[in-house]
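S.K.: sequence below, structure please.
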Amino acid sequence: MGASDRILLTGLTFYGYHGFKPEERALGQRFVVDLALNLDLGPAGRSDDLAQTVDYSEAYRLVRDVVEGPPRNLIEAVAEAIAEAVLAHTTAESVWVRVCKPWAPVKGMTAGEVAVEITRGR
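M.R.: Numbering: from 1, shown residues only. From the prediction side, this is the model:
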């Protein structure tokens, strides 16, 4: 099937210190990440061999290391760093990343979330 095959990790929740405002950097907040790794899953499905796919615990660790790592001003930068890490350390052909900031500090916003989505490939 090829690149239309995907491994999905959704609702990955971490605490980080990303944001442009000083209070975001000082207090931190929750971030929720969704990830789709595109690669041919046929070989793994036929062989039942983890070496033929991406270990999703490794993908989780890569996301965690970025979100819980050094602060960035923008969630766009967080998403880019996640995509770069996943493409550098897995065999995924491309990756879709969604970084959500629930209860973002937006004046007048009492509910909802702010998120960015990116897709990157090799």
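
S.K.: hey, let's count contacts and neighbours off CA atoms from now on
M.R.: OK.

S.K.: A115: how many residues sit nearby?
M.R.: Burial of A115 is recorded as 17 neighbouring residues (other CA atoms under 10 Å).

S.K.: what bridges to it?
M.R.: Judged by DSSP bridges, the bridge partners of A115 are C100.

S.K.: was I right about it contacting W103?
M.R.: No - using CA atoms under 8 Å, A115 is not in contact with W103; the gap is 10.6 Å.

S.K.: so F14 is in which element?
M.R.: Following DSSP states H and E, one finds F14 within strand 6-16.

S.K.: which parts of the helix or strand of the chain with the lowest mean pLDDT are buried?
M.R.: Least confident helix or strand, the chain: helix 22-27 with a mean of 89, by mean pLDDT, DSSP states H and E. For helix 22-27, the neighbour count (16 or more other CA atoms under 10 Å) marks 24-25 as buried.

S.K.: CA atoms of it as CSV?
M.R.: Only the C-alpha atoms of helix 22-27 are listed here, as CSV (Å, rounded to 0.1, in the frame of the first residue of the first chain):
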residue,chain,number,x,y,z
PRO,A,22,6.7,35.4,30.2
GLU,A,23,4.0,33.7,32.3
GLU,A,24,3.9,30.8,29.8
ARG,A,25,7.6,30.4,30.2
ALA,A,26,7.4,30.7,34.0
LEU,A,27,4.3,28.6,34.8
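
S.K.: run through who's touching the following helix or strand past it.
M.R.: The helix or strand immediately downstream of helix 22-27 is strand 29-38, counting by DSSP H and E. For strand 29-38, contacts defined as CA atoms under 8 Å, 6 or more residues apart in numbering pick out 3-18, 63, 67, 92-102.

S.K.: try stretch 55-66
M.R.: Outside stretch 55-66, the residues that reach it (CA under 8 Å, 6+ apart) are 7, 9, 12, 14, 33, 78, 81-82, 85-86, 90.

S.K.: any low-confidence regions in this structure?
M.R.: Along the chain, the model assigns pLDDT under 70 to residues 1-3, 105-111.
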